[in-house]
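Asker: generate coordinates for the sequence data below:
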Amino acid sequence: MLTSIMVIQTNLFFIMAQFFDVTGTWHDYRGVRHNFSIETDTAERRLIKQIVGEQYPTERVVVYTIRPQ
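Answerer: Okay, the predicted model is just below:
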């Protein structure tokens with residue numbers, strides 16, 4: 001009787017996530033400007049505007065700087 005042993009090799013990969021410091025302003029329904037500063041793992045302005053829009057009641061979001069940490 002043949003017995004086969006299956007050896008499973010797993011490789012561990014460490015993904016280094018890059019984070020960014022983002023600053024800008026958001027405007028409320030009255031047009032009042034408010035500053036924000038967040039840390040995020042994306043540098044895409046479209047996604048940053050979406051993140052800020054989910055945190056604050058915004059009418060408009062302006063991203064000033066995106067700096068890697």
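Asker: for the rest of this, base every contact and every neighbour count on C-alpha atoms.
Answerer: Will do.
Asker: assign Ile48 to helix, strand or coil.
Answerer: helix (DSSP: H, G, I helix; E, B strand; the rest coil).
Asker: Ala17 now?
Answerer: coil.
Asker: that one and Arg67: what is the separation?
Answerer: According to C-alpha to C-alpha, to the nearest Å, Ala17 stands 14 Å off from Arg67.
Asker: those two - which one has more neighbours?
Answerer: More crowded of Ala17 and Arg67, by other C-alpha atoms under 10 Å: Arg67, with 11 against 8.
Asker: check which helix or strand covers the more buried one.
Answerer: strand 60-68 (DSSP states H and E).
Asker: just give me the neighbour total for Thr40.
Answerer: A count of neighbours around Thr40, defined by other C-alpha under 10 Å, yields 17.
Asker: show the backbone phi and psi for it.
Answerer: phi -140, psi 160 (degrees, to the nearest 10).
Asker: pretty sure it contacts Val22?
Answerer: Yes: Thr40 lies in contact with Val22 (C-alpha atoms under 8 Å); the separation is 7.3 Å.
Asker: neighbours around the closest residue to Gln69 other than its chain neighbours, how many?
Answerer: Excluding the flanking residues, the one nearest Gln69 by C-alpha to C-alpha, 6 or more residues apart in numbering is Phe20, at 5.5 Å. When neighbours are defined as other C-alpha under 10 Å, Phe20 has 17 of them.
Asker: tell me the confidence at Trp26?
Answerer: pLDDT for Trp26: 96.
Asker: check Ala17 too.
Answerer: 75.
Asker: got the contact list for it?
Answerer: Asp41 (C-alpha atoms under 8 Å, 6 or more residues apart in numbering).
Asker: one more: Thr23?
Answerer: Asn35, Phe36, Ser37, Ile38, Val63, Tyr64, Thr65, Ile66.
Asker: select only the buried ones of those residues in PyMOL?
Answerer: Entered in PyMOL, the line below selects the buried ones among these, by 16 or more other C-alpha atoms under 10 Å:
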select buried, resi 36+63+66
